[in-house]
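Chemist: coords please:
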Amino acid sequence: MSDKPKNHWLILLVLALAQFMVVLDTSIVNVALPAIQKAFHLTEANLQWMVTAYTLAFGGFLLLGGRAADLYGRRKLFIIGTAIFGVASLIDGLAPTGGVLIGLRAVQGLAAALMSPAALSIVLVTYREGHERNTALSVWGAVASGGAAAGMLLGGIITQYLGWRWNFLVNVPVALLVIAAAWRLVPAHESEETHNELDLPGAISITGALMLLVYGLVEAPSHGWTAHSTIAYLTMSLLLFVYFVMNEQRASHPLVPFKIFRIRNVTGANLVQMPIMAGMFSAFFFASLYAQTVLGYSPVKTGLSFLVIPFSIALSATNVPRLVQKIGFKPILVIAPLITAAALYLLAHVRVDGNFTHDLLPGFILMGLGMGATFIAITIAATSGVSGKQSGLASGLLSTAQQIGGAIGLAVLTGVSTAAASSYVKHLTTAPNKLTPLAAEVHGFHAAFYVATGFMLAASVLAAVLLKQRKVSSEELQAAMTAGAA
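Modeler: Got it, this is the predicted structure:
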């Protein structure tokens, strides 16, 4: 710690820029979805893979990326991940088909899983524990939040004025800048471990299991739940998951040490996180499609309309820590998902001839308030009471649950939406007209938002049943907020 580089704030700037790029790529594509769909004539079921491929690979390899950084060197993994991210972004921007674009989105997710934990690890070893580190992590957290908030607006501006391909191509010069700066500024780091055993079988098996599960869920509505292909995908997913569990139990250095799940709130918080993110990812996906395909908004206007959400999140999140100290995190995690459920229920009533003020604004405000309270409280629940040696693993598991829950939820709700839209057309009692396709699409959105509302209600029930209320000290609250910023 005493040998901290004189240019350490420049290092933070470089690392934060890389994290901004990683987070931005989760949300920036949402506004470009209608343009991508039109360019490659994709169905809604295939379109969701633009988001799902990235989040699944990111979540599936996140813990592996963190472990690899410890074993093989933080700077080395960070630069390798950034290079892969830049190359994948370049090919994405030049992709000739939707299939190539989806495949490279998965590669981007893998690269992000190498970059993000390595960058965070560099931050943690560069700054002294206490005020200095908390300041650095506050900057880190603000940049990450800014990336999520800016993604929709930047995606709209880029899509409208430069074309959807530039949502990916813009990463290339940024990646080159980050690599050059990291090579020059970040001190080299070699492994501090006495071994170099990486649980690659564990990472590949769990990611493969999740990919097959999501693919089976996406294809089931069109092929049938009892179709041979559906049963085959789901069976292979189950077998890979069983292998993953067996591998983790016998591996000398497992990807996920299962003993951490003996801590009740760690297990409970991760189980609560998954349905929350299942509803949230889909809300952004379907609301973006509704704004552009039904309301006829331009990409820029769509991005601007979403800005109310981060403002609501900020309003809620800044007040939650004080509330946690007064009443604990459990009541918040029971009530906040209900607020988000109310938002999704309102969105389940969007109209074909709707407008922003009536159909989107009330839901967006409530969604931000619920999300801000939920994210802070669930981070505190998952990390407070965890030993220092396990805090990184606990926050990594929560991030993994976030990405995987979102990916699976989007797959399920896309299937629900597609099936409901098809059923609407099939059961028409009047002759089809020019509004029928839009009416069918909106009917599908209704079904998806209703199921997403159910996910939030389930999260509230899980929080009430699984989480153990405990008093959070000021020190634990600060540590958990630091992990949340990370």
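Chemist: how about the contacts made by the residue positioned nearest the centre of the chain?
Modeler: With distances taken as C-alpha atoms, centre = their mean, the residue of the chain nearest its centroid is residue 403 (4.1 Å). By C-beta atoms under 8 Å, 6 or more residues apart in numbering, the contact set of residue 403 is 55-56, 58-60, 62, 277. To be clear about C-beta, it is placed using only N, CA and C from the backbone, and glycine gets the same treatment.
Chemist: please apply the same query to residue 78.
Modeler: 15, 18, 69, 114-115, 118-119, 122, 182, 186.
Chemist: pLDDT wise, what is residue 302 at?
Modeler: Residue 302 is assigned 90 on the pLDDT scale.
Chemist: also the one 4 residues further on?
Modeler: Per-residue confidence at residue 306 stands at 88 (pLDDT).
Chemist: ok, residue 309 next?
Modeler: 87.
Chemist: could you do the one 4 residues further on as well?
Modeler: pLDDT, the model's per-residue confidence, is 83 for residue 313.
Chemist: double-check it against residue 371; I have them as touching.
Modeler: Yes. With contacts counted by C-beta atoms under 8 Å, residue 313 reaches residue 371, the gap being 5.4 Å.
Chemist: now for the contacts of residue 78: which two are most distant?
Modeler: 114 and 186 (14.7 Å; C-beta to C-beta).
Chemist: helix or strand right after the lengthiest helix in the chain?
Modeler: Scanning the chain for the longest helix, with DSSP state H as the assignment, gives helix 388-426. Downstream of helix 388-426, the first helix or strand assigned by DSSP states H and E is helix 436-466.
Chemist: so how far is that following helix from its chain's centroid?
Modeler: Taking the mean of its C-alpha atoms, helix 436-466 sits 18 Å from the chain's own mean (C-alpha atoms, centre = their mean, to the nearest Å).
Chemist: if you count neighbours, what's buried in that helix?
Modeler: The neighbour-count check on helix 436-466 (16 or more other C-beta atoms under 10 Å) flags 439-460, 462-463, 466 as buried.
Chemist: one more: stretch 197-214?
Modeler: For stretch 197-214, a neighbour-count test (16+ other C-beta under 10 Å) marks 198-199, 202-214 as buried.
Chemist: out of those, who's nearest residue 235?
Modeler: In terms of C-beta to C-beta, no member of these lies closer to residue 235 than residue 212, at 8.8 Å.
Chemist: report the contact partners of that closest one.
Modeler: Neighbours of residue 212 in contact, by C-beta under 8 Å, 6+ apart: 233-234, 236-237, 240.
Chemist: now the residues you listed as a markdown table including neighbour count and secondary structure?
Modeler: Below are the contacts of residue 212 laid out as a markdown table (neighbours: other C-beta atoms under 10 Å; DSSP: H, G, I helix; E, B strand; the rest coil):
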| residue | neighbour count | secondary structure |
| --- | --- | --- |
| 233 | 22 | helix |
| 234 | 17 | helix |
| 236 | 17 | helix |
| 237 | 20 | helix |
| 240 | 19 | helix |
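Chemist: worst-scoring helix or strand of the protein, pLDDT-wise?
Modeler: helix 474-485 (a mean of 58; mean pLDDT, DSSP states H and E).
Chemist: for residue 277, what is the enclosing helix or strand?
Modeler: Assigned by DSSP H and E, residue 277 falls in helix 264-289.
Chemist: can you list contacts of the next helix or strand after that helix?
Modeler: Using DSSP H and E, the next helix or strand after helix 264-289 towards the C-terminus is helix 299-305. Here helix 299-305 makes contact (C-beta under 8 Å, 6+ apart) with 31-32, 35, 152-157, 159-161, 288, 291-292, 297, 356, 360, 364.
Chemist: so among the residues you listed, which ones count as buried?
Modeler: 31-32, 35, 152-157, 159-160, 288, 291-292, 297, 356, 360, 364.
Chemist: name the residues that touch the one helix or strand residue 180 maps to?
Modeler: Element membership for residue 180, per DSSP H and E: helix 171-185. With C-beta under 8 Å, 6+ apart as the test, helix 171-185 has contacts from 5, 7, 10-11, 14-15, 17-18, 21, 25, 75, 78-79, 82-83, 85-86, 89-90, 93.
Chemist: can you give me the buried ones in it?
Modeler: 171-172, 174-175, 178-179, 181-182, 185.
Chemist: quick one: it to chain centroid distance?
Modeler: That offset, for helix 171-185, works out to 24 Å (C-alpha atoms, centre = their mean).
Chemist: quick check: mean pLDDT across it?
Modeler: For helix 171-185, mean pLDDT is 92.
Chemist: and for stretch 331-345?
Modeler: Stretch 331-345 comes out at a mean pLDDT of 94.
Chemist: what's the answer for stretch 279-290, then?
Modeler: pLDDT averaged over stretch 279-290 gives 88.
Chemist: ok, stretch 407-422 next?
Modeler: 88.
Chemist: mind saving the C-alpha coords of that stretch as PDB?
Modeler: Written as PDB, here are the backbone C-alpha positions of stretch 407-422 (Å, rounded to 0.1, in the frame of the first residue of the first chain):
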ATOM      1  CA  ALA A 407     -31.000 -13.600 -18.800                       C
ATOM      2  CA  ILE A 408     -33.300 -16.400 -17.700                       C
ATOM      3  CA  GLY A 409     -36.100 -14.000 -17.000                       C
ATOM      4  CA  LEU A 410     -35.900 -12.300 -20.400                       C
ATOM      5  CA  ALA A 411     -35.900 -15.700 -22.100                       C
ATOM      6  CA  VAL A 412     -39.000 -16.700 -20.200                       C
ATOM      7  CA  LEU A 413     -40.900 -13.500 -20.800                       C
ATOM      8  CA  THR A 414     -40.000 -13.300 -24.400                       C
ATOM      9  CA  GLY A 415     -41.500 -16.700 -24.900                       C
ATOM     10  CA  VAL A 416     -44.600 -15.600 -23.000                       C
ATOM     11  CA  SER A 417     -44.900 -12.400 -25.100                       C
ATOM     12  CA  THR A 418     -44.500 -14.300 -28.400                       C
ATOM     13  CA  ALA A 419     -47.000 -17.000 -27.400                       C
ATOM     14  CA  ALA A 420     -49.600 -14.400 -26.200                       C
ATOM     15  CA  ALA A 421     -49.200 -12.300 -29.400                       C
ATOM     16  CA  SER A 422     -49.700 -15.500 -31.600                       C
END
